[in-house]
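Okay, sequence plus prediction incoming.
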Amino acid sequence: MCGIVGYIGKQKASSIMLEGLKRLEYRGYDSAGLAVLQNDGVTVIKKIGRVDNLSAHAAKQKLSGHVGISHTRWATHGGVTDANAHPHVSSDGKIVLVHNGVIENYVAIKKFLLTKGYDFESETDTEVLCNLIAYHYAKEPENGEGTRLLDSVRKTLSHVEGTYGIAVVCTERPDEMVAARKGSPLILGVGDHEHIIASDVSAIISRTQNVVYLKDGELVHIAKGGFTISTLDLTDVSPVIDTVTWSVDDAELGDHDHYMLKEIFEQPAALENAMRGRFSADGSTANFGGLNLTAADFRQIDRFVFTSCGTGWHACLVAEHLIERYARIPVEVDYASEFRYRNAPLDRDALFFVISQSGETIDTLAALREAKRKGYKCMAICNVVGSTIARESDGGIYQHAGPEIGVASTKAFTSQLMISAMFALYVARMRDMSFADGVDYVNALKQVPAKVTRILQQADAIADIARRYAKYNDFLFLGRLSLFPIALEGALKLKEISYIHAEGYPAAEMKHGPIALISEECPSVFLVPKGELFNKVVSSMQEIKARKGRIIAIILEGCELPEGLADDVITIPDCHDAALPILATVPVQLLSYHIAVARGCDVDKPRNLAKSVTVE
Ligand code: F6R
């Protein structure tokens, strides 16, 4: 949620940190701050608002130091004020800290520190953590090995309950930095005579592609131009340096007005990447090396459980539909946040799947851990390589969709749908699906990127429709079977970026309640299937029309609606049923995007939202 960037090297720390913060701003953005060690002290600037505001204030100061830490905040403890923004400085002025996460026992620690004479300027749990480090630092003797700061951070963290990703510097040790994580992502970028601590790869990618993904319970100590990693219980760790496969250009806006639009247009490439190298040589099924399970293992599985949050949960619903339809294996779908607490009874031979773009969503991670604790094998469908969920699962499928910066998920979602469709095929071919049907299915999926491109060519026409509907404050999205999750997704997209109230429903459910909402002021977006349910959905549309409701219909080419039934029609290419949810998603993304733009909303940074939700 919040973002961390810490720099130690030969360059001006403030410039590198501000660039990194700008790239992290999508994670959380109610305030931002930085601290630079210089002139035997520390200069701290922290301001509510965006990183640009912080940059403007930083430009007025002389910030020449080469070591610093910085932060963008998404408030948890304490309101949005300059004082509550990070970095925090201990009341003895020595320890400076940025922190992502939540310290659950901060009240008790604060009471203890007050008795020891420490003062507090903010309402945050972070300032408590900062003063606790200062307390241990004051008690820790110099040991000749240069590990006094590291040892005090380690001691502090052993008293802390909760989650954290932290970066710490000390005014008495101007060439050192300590960082640590538990439950909050943190990476170390290893550059040319420089090290960068960050909560996300995008913050460091312009400096280096060499990264160490820190694990929970690890601390990194950067000093004398090098670094060491150890655990809370004092075990040394040999670092593994990974290479990030995407470049800084992948995370740039280019010619697009918003990341969301850029990412909508990147979908053909993201879908190609989801499929690349994953079809069998005979072209009749998919292959997933990363699942680490044999066909014989799969034959033992009598149920899949899929969990996720938000948009990923909608992908789970599509996976459920496709797996049950094509492989005839029961699938259960649960919100990750519910699964972890409801102590669900699971079948003995169930296989557990989580879906997470970021691989860091705390609810999804907790659900994964809960399922593993119960002894289930857990697979992950993730976009971010090296993320916590990807690492902690027993196997999985990487999406390879490239970085997704826009807060509203777009290309990651359709890529999850593609992987779900391929996975359904994979298990279906181990059960009853014939070779010929498998070949048809594969050929149909291979055509999806080109078909998405054809929908994207209608973007201007969809924008025109969107502008005409931007004035409405309530919307319904209606679909059936595999299009019902897309109705939910359409409603979620519209809600989160345009702040319009929208609901997704199975089209036939409409008459059991939501139809009461229908008036000239509440338009409906219908996702119309072909085949046996076409006429049923047309009947639902008639019911809306009879009540003067306006209708936008998304239909397949070749399907004819009764004259005048829909006020506006968007067509998508005819396709295999496994591809339908992917194609139907693109128009609802474009509609939501253009409605939000027409209403003047900040599409990439919607209010109250952050890209990666790492707190409960
Ligand atoms: C909505 C959206 C969120 C995420 C959810 C899970 O557009 O992006 O609903 O889908 O927060 O995030 P990940 O997939 O990173 O676990």
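Thanks, I have the structure now.

Buried residues of stretch 80-96, list them for me.
Neighbour counts over stretch 80-96 (16 or more other Cβ atoms under 10 Å) mark 83-91, 94-96 as buried. All C-beta atoms are positioned from the backbone trio N, CA, C, and that covers glycine.

near the ligand, which residues of the stretch 451-600 of the chain?
Contact residues (Cβ under 6 Å from any ligand atom) of the stretch 451-600 of the chain with the ligand: 492, 496.

What are the boundaries of the helices in the stretch 451-600 of the chain?
Taking DSSP state H, counting those that start in this stretch as the criterion, the stretch 451-600 of the chain carries its helices at 459-469, 484-498, 534-545, 580-598.

Identify the residues contacting the first one?
Contacts made with helix 459-469 from outside it, assessed by Cβ atoms under 8 Å, 6 or more residues apart in numbering, are listed as 475, 523, 550, 552, 568, 570, 587, 590-595, 598.

got a winner among these for most neighbours?
Within the contacts of helix 459-469, S592 tops the neighbour count with 31 neighbours, counted by other Cβ atoms under 10 Å.

sec struct for the residue of the stretch 151-300 of the chain found nearest the ligand, please.
The minimum distance from the stretch 151-300 of the chain to the ligand, using Cβ to the nearest ligand atom, falls at M260 (9.3 Å). At M260 the chain is in helix, as set by DSSP: H, G, I helix; E, B strand; the rest coil.

ok now do R207, which residues does it touch?
When contacts are counted by Cβ under 8 Å, 6+ apart, R207 touches 16, 189, 191, 194, 196.

Am I right that the fourth one is in contact with K10?
So that's E194. Yes - the pair E194 / K10 is scored as a contact, 6.4 Å apart, by Cβ atoms under 8 Å.

So which of the helices of the stretch 451-600 of the chain is nearest L322?
Of all the helices of the stretch 451-600 of the chain, helix 580-598 sits nearest to L322, with 8.2 Å by Cβ to Cβ.

for V385, phi and psi?
Phi and psi for V385, reported as degrees, to the nearest 10, are phi -70, psi 140.

ok, and the closest non-adjacent residue to it?
Closest residue in space to V385, ignoring its immediate chain neighbours: Y398 at 6.1 Å, by Cβ to Cβ, 6 or more residues apart in numbering.

Which residues lie in contact with I204 in this structure?
5, 20, 187, 189, 191, 196, 198, 211.

For the third one, give the beta-bridge partners.
Translated: I187. A198, Y213 (DSSP bridges).

right, and it touches A198 too?
Yes - with contact defined as Cβ under 8 Å, I187 counts as touching A198 (5.7 Å).

Which one's more surrounded, the two?
Using other Cβ under 10 Å as the criterion, I187 and A198 rank with A198 on top: 30 against 25.

Look at the more buried one and report its pLDDT.
Model confidence at A198, given as pLDDT, is 96.

doesn't C2 make contact with it?
No - between A198 and C2 there is no contact under Cβ under 8 Å: 11.7 Å.

didn't I109 look like it was pressed against C130?
No - counting by Cβ under 8 Å, I109 sits too far from C130 to count as a contact (10.8 Å).

So for these two, which sits in the more crowded spot?
Neighbour totals were compared for I109 and C130, and C130 leads with 30 against 21 (other Cβ under 10 Å).

any idea whether the more buried one is helix, strand or coil?
The assignment at C130 comes out as helix when based on three-state DSSP.

what residues are up against it?
Shown in contact with C130 (Cβ under 8 Å, 6+ apart): 88-90, 95-97, 99.

From these, which land in strands?
88-89, 95-97, 99 (DSSP state E).

from those, which is closest to the ligand?
Closest to the ligand, out of all of the ones in strands among the contacts of C130 and judged by Cβ to the nearest ligand atom, is H99, at 20.9 Å.

Specify the beta-bridge partners of that closest one.
In beta-bridge terms (that is, DSSP bridges), H99 pairs with I166.

Test my guess that it contacts V128.
No - between H99 and V128 there is no contact under Cβ under 8 Å: 9.9 Å.

where do the contact lists of these two overlap?
By Cβ under 8 Å, 6+ apart, no residue touches both H99 and V128.

residues in the stretch 201-350 of the chain within reach of the ligand, list them.
Residues of the stretch 201-350 of the chain lying close to the ligand (Cβ under 6 Å from any ligand atom) are 309-312.

SS state for the closest residue to the ligand within the stretch 401-550 of the chain?
With Cβ to the nearest ligand atom, the shortest gap between the stretch 401-550 of the chain and the ligand falls at S409, namely 3.4 Å. Following three-state DSSP, the label given to S409 is coil.

Please name the residues that touch the closest residue to it other than its chain neighbours.
Leaving aside its sequence neighbours, S409 sits nearest to T311 (Cβ to Cβ, 6+ apart; 4.3 Å). Contact partners of T311, counting by Cβ under 8 Å, 6+ apart, are 357, 408-409, 412-413, 489, 492.

make it 10 Å
T311 is in contact with 355, 357, 408-410, 412-413, 416, 485, 488-489, 492-493, 496, counting by Cβ atoms under 10 Å, 6 or more residues apart in numbering.

one step back: so who does the residue of the stretch 401-550 of the chain closest to the ligand touch?
By Cβ under 10 Å, 6+ apart, the contact list for S409 reads 260, 263, 310-312, 314-315, 357-358, 383, 401, 415-416, 489, 492-493, 496, 589, 611.

And for D574, the neighbour number?
14.

Give me the local confidence score for it.
96.

Check S184 too.
Here the pLDDT value assigned to S184 is 87.

correct me, but M541 touches L527?
No - contact criterion Cβ atoms under 10 Å: M541 and L527 do not qualify, at 11.2 Å.

Spit out the residues that contact these two alike.
Counting by Cβ under 10 Å, 6+ apart, the residues touching both M541 and L527 are 478, 507, 553.

just to revisit the earlier point, would a markdown table of the buried residues of stretch 80-96 with pLDDT be doable?
Listed next are these as a markdown table, based on pLDDT from 0 to 100:
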| residue | pLDDT |
| --- | --- |
| A83 | 84 |
| N84 | 86 |
| A85 | 89 |
| H86 | 91 |
| P87 | 96 |
| H88 | 96 |
| V89 | 96 |
| S90 | 97 |
| S91 | 96 |
| K94 | 97 |
| I95 | 97 |
| V96 | 98 |
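
Greatest separation within the residues you listed: which pair is it?
Using Cβ to Cβ, the two most remote members of the buried residues of stretch 80-96 are N84 and K94, lying 20.8 Å apart.

residue boundaries of the strands in the stretch 51-200 of the chain?
Taking DSSP state E, counting those that start in this stretch as the test, the strands found in the stretch 51-200 of the chain are 67-73, 88-89, 95-100, 164-170, 173-182, 187-191, 194-198.

Pairing partners for the longest one, with directions?
Sheet pairing for strand 173-182, assigned by DSSP bridges, gives strand 164-170 (antiparallel), strand 218-223 (antiparallel).

winner for burial among the ones you listed?
Comparing the strands paired with strand 173-182 by mean neighbour count (mean count of other Cβ atoms under 10 Å), strand 164-170 ranks first with a mean of 28.

per-residue confidence at the residue lying closest to E123 once chain neighbours are set aside?
Closest residue in space to E123, ignoring its immediate chain neighbours: G78 at 3.4 Å, by Cβ to Cβ, 6+ apart. Listed pLDDT for G78 reads 73.

shouldn't G78 be in contact with S122?
Yes - assessed by Cβ under 10 Å, G78 is found in contact with S122 at 6.0 Å.

List the contacts of the residue of the stretch 201-350 of the chain found nearest the ligand.
Nearest residue of the stretch 201-350 of the chain to the ligand, counting by Cβ to the nearest ligand atom: G310, 1.9 Å away. Taking Cβ under 10 Å, 6+ apart, we find G310 in contact with 335-336, 356-357, 361, 363-364, 408-409, 413, 489, 492, 496, 609, 613.

And for S158?
S158 sits next to 136, 232-233 when contact means Cβ under 10 Å, 6+ apart.

coming back round to it: just the buried residues of the contacts of S409.
Neighbour-count burial (16+ other Cβ under 10 Å) applied to the contacts of S409 gives 260, 263, 310-312, 314-315, 357-358, 383, 401, 415-416, 489, 492-493, 496, 589, 611.
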